[in-house]
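Colleague: Starting from these lines, generate the structure:
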Amino acid sequence: MSLLVMSALLGSCAPQTEPQAGTGAVSAAKKRADYAIAIHGGAGTIRKEDLTPEQDSAYRAVLNAALDIGEKILSEGGDALDAIEQTIRYLEDSPLFNAGKGAVFTHEGKNELDASVMRGADLGAGAVGGVTNIKNPISAARAVMEQSPHVMLTGRGAEQFARERGLEIVDPTYFFTQNRWEGLQRAKAEEAVRLDHDGKQGYAPGQEEPGHDYKFGTVGCVALDKAGHLAAGTSTGGMTNKRWNRVGDAPIIGAGTYANDATCAISCTGHGEFFIRWTVAHDVSALMEYKGMSLMDAANEVVNAKLKQAGGEGGLVAVDRLGNVALPFNSEGMYRGYARPGERVVAIYGSPSQD
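Modeller: Below is the predicted model:
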């Protein structure tokens, strides 16, 4: 197993001070790789004993199929932005993840979707928030970037824009899945117990919402193409039982998504309120730009030191301008994978021995 593979699997769980966090793997890449792609499908309490062999196989199959889509585009000389859009569209169409077809339900029993993209060459960016009938929000985010003067559109306005741009609009019932609906019912039952216990409906900053599953399913992709350009994208259904049109980090440029050809491309997954307040995605790039840190060291510093100390749970996937890959997370697992010429890793759990 190569040192890069070892760092990708071990670096997510290792303390920042340990040498296997990835310094050797990053410094080994003196020459830019032809291409690189990394994906995630959510981070959180994901343990081997909690998944049946069939579920484990299903997740790995979808992650590998998503990598196939993006890698084919990149290996044939395609654009990084095309690769991340098509890869994320595939993940959005899978009911396994909390994005697109598999989106979780709000307190009112609706699906509200968020997504963003960023282009590293010129820092172009686009995002949509709180949309309910756009089949593939990641494509709407790209359309905002390329076909509007704005960075973010939300709600009905974003839906009207998508319709005018010819994107596929679906009836909101398209997003219904039974397991997500049952998840909402469990969340509301837990909430009712809590209300009965102390009469409080709100949550203090940093406090987890009963029944949330912010940890599960947000999807993202980052890529480096043969021209040396980076791109990043993230798509999510947010938190189960969310209220008041809550929006997390996924559509927030610099929080859940960031790309800069001078440094790296980042897509995040986790408790969005922390990722927003700690501007996680941009912070990784800033550590590289201003302190000269390697991708692996910067990513681990943010996820396994800063974010963890703040009480935020989650992870990210990252690719730098040379094609180095980092996949750190501070939770028990993260659906993740990456591919470079001659290399591929797909993993789920926190321990390499389990994958």
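
Colleague: Residue 34: neighbouring residues, count only.
Modeller: By the criterion of other Cβ atoms under 10 Å, residue 34 has 15 neighbours. Placement of C-beta: from N, CA and C, glycine included.

Colleague: hang on, isn't it packed against residue 227?
Modeller: No - contact criterion Cβ atoms under 8 Å: residue 34 and residue 227 do not qualify, at 10.6 Å.

Colleague: Put the alpha carbons of stretch 104-124 into CSV.
Modeller: Extracted C-alpha coordinates of stretch 104-124, given in CSV (Å, rounded to 0.1, in the frame of the first residue of the first chain):
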residue,chain,number,x,y,z
VAL,A,104,-34.0,14.4,4.8
PHE,A,105,-37.2,16.1,5.8
THR,A,106,-37.8,19.4,7.6
HIS,A,107,-40.0,19.7,10.7
GLU,A,108,-42.9,20.5,8.3
GLY,A,109,-42.3,17.4,6.3
LYS,A,110,-40.7,19.0,3.2
ASN,A,111,-37.3,18.6,1.6
GLU,A,112,-35.2,21.7,1.3
LEU,A,113,-31.9,21.3,-0.6
ASP,A,114,-28.7,23.3,-0.7
ALA,A,115,-25.7,23.1,-3.0
SER,A,116,-22.6,25.1,-4.1
VAL,A,117,-19.8,24.9,-6.6
MET,A,118,-16.5,26.8,-6.8
ARG,A,119,-13.9,27.1,-9.7
GLY,A,120,-10.3,27.5,-8.6
ALA,A,121,-9.1,29.3,-11.7
ASP,A,122,-10.9,32.6,-11.0
LEU,A,123,-12.7,32.0,-7.7
GLY,A,124,-16.0,31.8,-9.6
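
Colleague: Now do stretch 170-188: distance from first to last residue.
Modeller: The first residue of stretch 170-188 is 27 Å away from its last residue (Cα to Cα, to the nearest Å).

Colleague: ugh, wrong one, stretch 346-355
Modeller: Stretch 346-355 has an end-to-end distance of 8 Å (criterion: Cα to Cα).

Colleague: Mind listing what's buried along that stretch?
Modeller: Of the residues in stretch 346-355, 346-350, 352, 355 count as buried by neighbour count, 16 or more other Cβ atoms under 10 Å.

Colleague: Have a look at those residues and tell me the least confident one.
Modeller: Taking these together, the minimum pLDDT is found at residue 352 (77).

Colleague: mind checking which helix or strand of this protein has the lowest mean pLDDT?
Modeller: Lowest mean confidence among the helices and strands of the chain (mean pLDDT, DSSP states H and E): helix 23-28, at a mean of 34.

Colleague: Provide the secondary structure category for residue 250.
Modeller: coil (DSSP: H, G, I helix; E, B strand; the rest coil).

Colleague: right, and it touches residue 232 too?
Modeller: No - look at residue 250 against residue 232 with Cβ under 8 Å: they stay out of range, at 11.3 Å.

Colleague: Show me the common contact partners of these two, please.
Modeller: Shared contacts of residue 250 and residue 232 (Cβ atoms under 8 Å, 6 or more residues apart in numbering): 220, 257.
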